[in-house]
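K.L.:
Give me a 3D structure for the following:
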Amino acid sequence: KTFHSALQKALSELDEPKRSVFEMRYLLDLSNSEIAESLGISEGTVKSRLFYAIKELNQQLANYKELLTVLLILILS
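P.N.:
Prediction:
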């Protein structure tokens, strides 16, 4: 199983609110405030959903921990 297919599967298993916020932030490169405005939620809710999405993805992708760490460093820098 490739990392890409494992990531796609893990993303598909997130609930919709977490998945949408994660995709908006890291795939569409929107800021937290842009996401909050777009979805009509607070920035705190955006941050919370991102935190729990990343936590769940981390658990789902434990076999790829080293690669995931590198990717998150690149994304967050």
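
K.L.:
Tally up the residues packed near Glu56, please.
P.N.:
Taking other CB atoms under 10 Å as the criterion, the count of residues near Glu56 is 18. All C-beta spots, glycine's among them, are computed from the backbone N, C-alpha and C.

K.L.:
can you pull the contacts of it?
P.N.:
Ala10, Glu13, Leu14, Lys18 (CB atoms under 8 Å, 6 or more residues apart in numbering).

K.L.:
which residues does the last one contact?
P.N.:
By CB under 8 Å, 6+ apart, the contact list for Lys18 reads Arg49, Leu50, Tyr52, Ala53, Glu56.

K.L.:
Ok, the third one next?
P.N.:
Contacts were defined as CB under 8 Å, 6+ apart; by that measure Leu14 touches Phe22, Ala53, Glu56, Leu57.

K.L.:
Tell me which two of those sit farthest apart.
P.N.:
Set against one another by CB to CB, the contacts of Leu14 have their most distant pair in Phe22 and Glu56, with a gap of 9.5 Å.

K.L.:
Selection in PyMOL covering whichever of the contacts of Leu14 are buried, please.
P.N.:
The PyMOL selection below is limited to those of the contacts of Leu14 classed as buried (16 or more other CB atoms under 10 Å):
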select buried, resi 22+53+56+57
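
K.L.:
need the contacts of Leu14 in JSON lines with distance to Leu67, secondary structure and pLDDT, can you?
P.N.:
Putting the contacts of Leu14 into JSON lines (distance: CB to CB, whole Å; DSSP: H, G, I helix; E, B strand; the rest coil; pLDDT from 0 to 100) gives the following:
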{"residue": "Phe22", "distance to Leu67": "17", "secondary structure": "helix", "pLDDT": "95"}
{"residue": "Ala53", "distance to Leu67": "18", "secondary structure": "helix", "pLDDT": "94"}
{"residue": "Glu56", "distance to Leu67": "17", "secondary structure": "helix", "pLDDT": "93"}
{"residue": "Leu57", "distance to Leu67": "12", "secondary structure": "helix", "pLDDT": "90"}
